[in-house]
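In: Sequence below, structure please.
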Amino acid sequence: ASGRRATLRLKTPNDGTPTAPPDRGDFHNAGEITIDDRADIWVCVKSGNPGQWLKLAGTATAGSYHPITPARVFDSRIAGTPSAGKFRANTNRVIDARDARHVDTGKVVTRNVVPAGATAVTYNLTVTNTDGPGYVFLAPGTATQVTASSINYGAGTTLANGGTVKLDGQRRLKAFCAVSGTDVIIDVTGYYR
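Out: Here you go, the predicted model:
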């Protein structure tokens, strides 16, 4: 299969078969690649009826992981960082995760360290100068409520935790601080695109 813009162009099946290959009732050989009606791309890894399939990519997947040299994107302790200042209890802030910032001044040192089109980042989240027990939750920048915890802390502690979080369309995160105040530091270690 080919097209004007690509060497290979997959077409969705028009024969009324179920959309995802694992749900189909016909025989497939290992090595087959197909696309379903949701634009998910699949590869058959074991022949059979319907065979064993792995999803490679799709509109709802994160894409390939790109590790980077760790980059500071937010530090509430540094006045030069946008939205700086210690988090008060039960507050939240939208944080721009696009640019790497200097660890001492907060000024941008590398633009677009998380490039356009990135869908998620891996991070190291640090809390310090904690006022009491509490937690911080990292979410996409458009999040409206707390649904989990990214790190839990007690009074007077400095702790760090790694994780992965989805970005909003503008490459932003939202940090929710619950129960008691803390300073928050976010270092990005990679992104999905």
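In: pretty sure Leu125 contacts Val136?
Out: Yes: using Cβ atoms under 8 Å, Leu125 makes contact with Val136 at a distance of 6.6 Å. Any C-beta I mention is one placed from the backbone N, CA and C, and that applies to glycine too.
In: Would you mind telling me which of those two has more residues around it?
Out: Ranked by neighbour count (other Cβ atoms under 10 Å), Leu125 and Val136 place Val136 first, with 25 against 22.
In: so how far is Ala39 from the more buried one?
Out: According to Cβ to Cβ, to the nearest Å, Val136 and Ala39 sit 35 Å apart.
In: hang on, isn't Leu56 packed against Val43?
Out: Yes: Leu56 lies in contact with Val43 (Cβ under 8 Å); the separation is 5.6 Å.
In: thinking again about what came up before, if I look at Leu125 and Val136, which residues touch both of them?
Out: Listed contacts common to Leu125 and Val136 are Ser150, Ile151, Val184; contacts here mean Cβ atoms under 8 Å, 6 or more residues apart in numbering.
In: Nearest the middle, which residue of this protein would you pick?
Out: Ala120 (1.9 Å; Cα atoms, centre = their mean).
In: Residue ranges in the protein under the pLDDT threshold?
Out: Within the chain, the segments meeting pLDDT under 70 span 1-6, 13-18.
In: same thing but 80
Out: Within the chain, the segments meeting pLDDT under 80 span 1-19, 59-60, 62.
In: got the residue ranges for the helices in the chain?
Out: Secondary structure of the chain, counting by DSSP state H: no helices present.
In: give the contact list for Ala118.
Out: For Ala118, the contact set (Cβ under 8 Å, 6+ apart) comprises Leu167, Arg171, Tyr191, Tyr192, Arg193.
In: Please report how far it lies from Asn112.
Out: If you measure Ala118 against Asn112 using Cβ to Cβ, the figure is 9 Å.
In: Counting neighbours, what do you get for Ala139?
Out: A count of neighbours around Ala139, defined by other Cβ under 10 Å, yields 21.
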